[in-house]
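Q: Need coordinates for the following:
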Amino acid sequence: MVDLNTTYLGLELKNPIVASSSPLTQKPETAVQLEEAGVSALVMHSLFEEQIIRESLKLNEDLLRGSESFYEASNFLPNYGQFKIGPESYLDTLKSVKDAVTIPVLGSLNGVSTGGWVDYARRIEDTGADGLELNIYYLSTDINMPSNQLEDRYIDLVLDIRRQVQIPLAIKLSPFFTALPNFVEKLSQVGVNGLVLFNRFYQPDFDLENLEVVPNLVLSNSNEIRMPLRWIAMLHGRVSIDLAMSGGVHTGLDVLKAMMAGAKVTTIASAFLQNGVQWASKIQAEMVAWMEDHEYESIKQMQGSMSQKSVEQPDAFERVNYMKALSSY
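A: So this is what the prediction gives:
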């Protein structure tokens, strides 16, 4: 029988199928269902920097009711009711999820700046979380901000959070960096244990009838694995942190491709939202069947086998691939 065991952030996992942050991971009952379906770990839904700031502002608003200037300042943030739960409830829910399952549970923070809110990293650790995923979701629109200044801002944030916790720390990044490998190396030097590639920038849409810019959530599909697949393959063996694939993983074959590129795990949300938590069992069965047919004994045996450092034509990951793709149409 094939061995699906892998390691991620120093954690021993029974397979590389991790449930990523989604509505399914924010309730103990669905967390249990994910574990029973075969998921090896899960990431709680994110606690947003804005939530913590908003709660602080709301407290001050109650204390300083009638202050016109404060009321306007608080309006820059989403309405308090738009968040499903507040920061304190988040911590309680995280502890409940952790108590309900036997698999590792990672807390999740979503933020872009340093400040008092990063204290919640320590409070997440205090719940018993096995690790922390920091989702850095920021779109730079300032024409006066150079890329190195933005990267320094990220590093400062990571250092701030690393000082708060001893548990493993993973960073979830976007692909929009001028020199991603160099930045990843900087992250590894400041104590990051894992890198999740990539978070999805949910693009807004235009409502032409009401002339409004509106949010638009579209779930992923398997075609989206190509960008993280490429970058994981190029980073494997060159950086000293664990790599996780996020975005577009829907099938057992998607997971196997990620492993061959050099990932330690895949994090999945859309496939479970579309097909139900039992989809994890189907993914695992497809992985096992393929590995048995191709005489693989373990996941660890294949990890990195098709990374840029391992293949016969490493330039296939770079500009040559671009030219061949265009000429092959």
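
Q: residues touching Ser108, list them.
A: Applying C-beta atoms under 8 Å, 6 or more residues apart in numbering, we find Ser108 in contact with 21, 43-47, 132-135. Where C-beta positions appear, they are placed from N, C-alpha and C, glycine not excepted.

Q: Of the residues you listed, which is the nearest to Ala37?
A: Val43 (15.7 Å; C-beta to C-beta).

Q: immediately after the least confident helix or strand in the chain by mean pLDDT, which helix or strand?
A: In the chain, no helix or strand scores lower on mean pLDDT, DSSP states H and E than helix 68-74, which sits at a mean of 40. Next along the chain after helix 68-74, taking DSSP states H and E as the criterion, comes helix 87-100.

Q: what's the model's confidence in that next one, averaged?
A: Mean per-residue pLDDT for helix 87-100: 96.

Q: which strands and helices sit next to it?
A: Contacts defined by 3 or more C-beta pairs under 8 Å, 6 or more residues apart in numbering; DSSP states H and E place helix 87-100 against helix 28-37, helix 49-63, strand 105-110, helix 119-126.

Q: of all those, which lies closest to Met302?
A: Nearest of those (C-beta to C-beta): helix 28-37, 23.0 Å.

Q: Could you give me the buried positions within the closest one?
A: Buried positions in helix 28-37, judged by neighbour count with 16 or more other C-beta atoms under 10 Å: 30-35, 37.

Q: what's the answer for stretch 106-126, then?
A: Of the residues in stretch 106-126, 106-112, 117-118, 120-121, 123-125 count as buried by neighbour count, 16+ other C-beta under 10 Å.

Q: what about stretch 202-213, start to end distance?
A: In stretch 202-213, first residue to last residue: 13 Å (C-alpha to C-alpha, to the nearest Å).

Q: any residues touching that stretch, and which ones?
A: 214-218.

Q: just the buried members of those?
A: Among the contacts of stretch 202-213, not one counts as buried by 16+ other C-beta under 10 Å.

Q: which residues touch Val184?
A: Counting by C-beta under 8 Å, 6+ apart, Val184 makes contact with 195, 235, 239, 241.

Q: Need the pLDDT of the closest residue to the last one other than its chain neighbours.
A: What that stands for is Ile241. Closest residue in space to Ile241, ignoring its immediate chain neighbours: Ser188 at 4.7 Å, by C-beta to C-beta, 6 or more residues apart in numbering. If you check Ser188, the pLDDT there is 96.

Q: what's the neighbour count on Ser188?
A: If you count neighbours by other C-beta atoms under 10 Å, Ser188 ends up with 16.

Q: so it sits in a helix?
A: Yes. The assignment for Ser188 is a helix, going by DSSP: H, G, I helix; E, B strand; the rest coil.

Q: Confirm for me that it is in contact with Val239.
A: Yes. Using C-beta atoms under 8 Å as the test, Ser188 is close enough to Val239 to be in contact (5.6 Å).
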